[in-house]
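Q: Quick one, fold the following:
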Amino acid sequence: MANHYFIGIKIPLPEARSLVEQRDSWNLSSHKRYPAAEDLHITLVFIGADPEGEIRAVEQALQNIAHSPFDLKITGTGYFGKKERPGVVYAAVEESESLNGLQDKIMTALKDFNLTPDTKPFVPHITIANKWAGKDKWTEIPAFGPGHFSVEDFSLFRIEPNSTPRYVAIKTYKLKDGV
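A: Presented below is the predicted three-dimensional model:
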């Protein structure tokens, strides 16, 4: 199977551990996957496969992005799918012009490559459970307490489906002064 890639923000370990502890306190058995704290992230752009071997050039293009560090707040819980059978349960992140701006800059940096990044609308989130496998429907989605963290870098990740952690940072880019 070909390697798959994405660009994202790794959640700092103290905040990631807090999210995992909260999730684990819910005693879920409804999903197939419960990401480890080390794998928690916000996906900025899912790239998928690299059919033409451009990932090294993508590494170089991402170095040219100038964007100032910023803070993000976790505002609660959200889900994708039906509320009673959510395919993905996530920690919701507040709306952020800085986060949206960084995502826009990354999409622009990728436009000259023959990649097929995901074009769904950007919904910033931190997946904490996915792949619905439950028998009992949910009556409510448990809530995350508020949290916050600083975003000082982003990374190009390779997905290693049979490893822990599943997401390996190939290259990390420090945010530097920029708009």
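Q: any idea which helix or strand of the chain has the worst average confidence?
A: The helix or strand of the chain with the poorest confidence is strand 31-33; it has a mean of 90 (mean pLDDT, DSSP states H and E).
Q: Tell me the buried residues in the next helix or strand after that strand?
A: Scanning forward in sequence from strand 31-33 by DSSP states H and E, the next helix or strand is strand 41-49. For strand 41-49, a neighbour-count test (16 or more other C-beta atoms under 10 Å) marks 41, 42, 43, 44, 45, 46, 47, 48 as buried. Any C-beta I mention is one placed from the backbone N, CA and C, and that applies to glycine too.
Q: any chance of these in a markdown table, with pLDDT and distance to residue 10 too?
A: Converted to a markdown table, these look like this (pLDDT from 0 to 100; distance: C-beta to C-beta, whole Å):
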| residue | pLDDT | distance to residue 10 |
| --- | --- | --- |
| 41 | 98 | 5 |
| 42 | 98 | 9 |
| 43 | 97 | 11 |
| 44 | 97 | 11 |
| 45 | 96 | 15 |
| 46 | 94 | 15 |
| 47 | 94 | 16 |
| 48 | 91 | 19 |
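Q: can you name the two of those residues that are farthest apart?
A: By the measure C-beta to C-beta, 42 and 48 form the most distant pair in the buried residues of strand 41-49, at 17.4 Å.
Q: follow-up on the earlier one: which strands or helices does the least confident helix or strand of the chain pack on?
A: For strand 31-33, the elements it packs on are strand 125-132, judged by 3 or more C-beta pairs under 8 Å, 6 or more residues apart in numbering; DSSP states H and E.
Q: circling back: now the buried residues of strand 41-49 in TSV, with distance to residue 143?
A: Output for the buried residues of strand 41-49, formatted as TSV (distance: C-beta to C-beta, whole Å):
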residue	distance to residue 143
41	21
42	19
43	22
44	25
45	28
46	27
47	32
48	32
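Q: Can you tell me which of those is nearest residue 103?
A: Checking the buried residues of strand 41-49 against residue 103 with C-beta to C-beta, the nearest one is residue 44 at 4.8 Å.
Q: so what's residue 86 bridging to?
A: Beta bridges link residue 86 to residue 81, judged by DSSP bridges.
Q: Tell me the pLDDT of residue 136.
A: On pLDDT, residue 136 comes in at 81.
Q: meant to ask about residue 91, not that
A: As predicted, residue 91 sits at a pLDDT of 96.
Q: What sits closest to the residue most central in space within the chain if chain neighbours are left out?
A: Against the mean C-alpha coordinate of the chain, by C-alpha atoms, centre = their mean, the closest residue is residue 42 at 2.4 Å. Excluding its sequence neighbours, the residue lying closest to residue 42 (C-beta to C-beta, 6 or more residues apart in numbering) is residue 9, at 4.5 Å.
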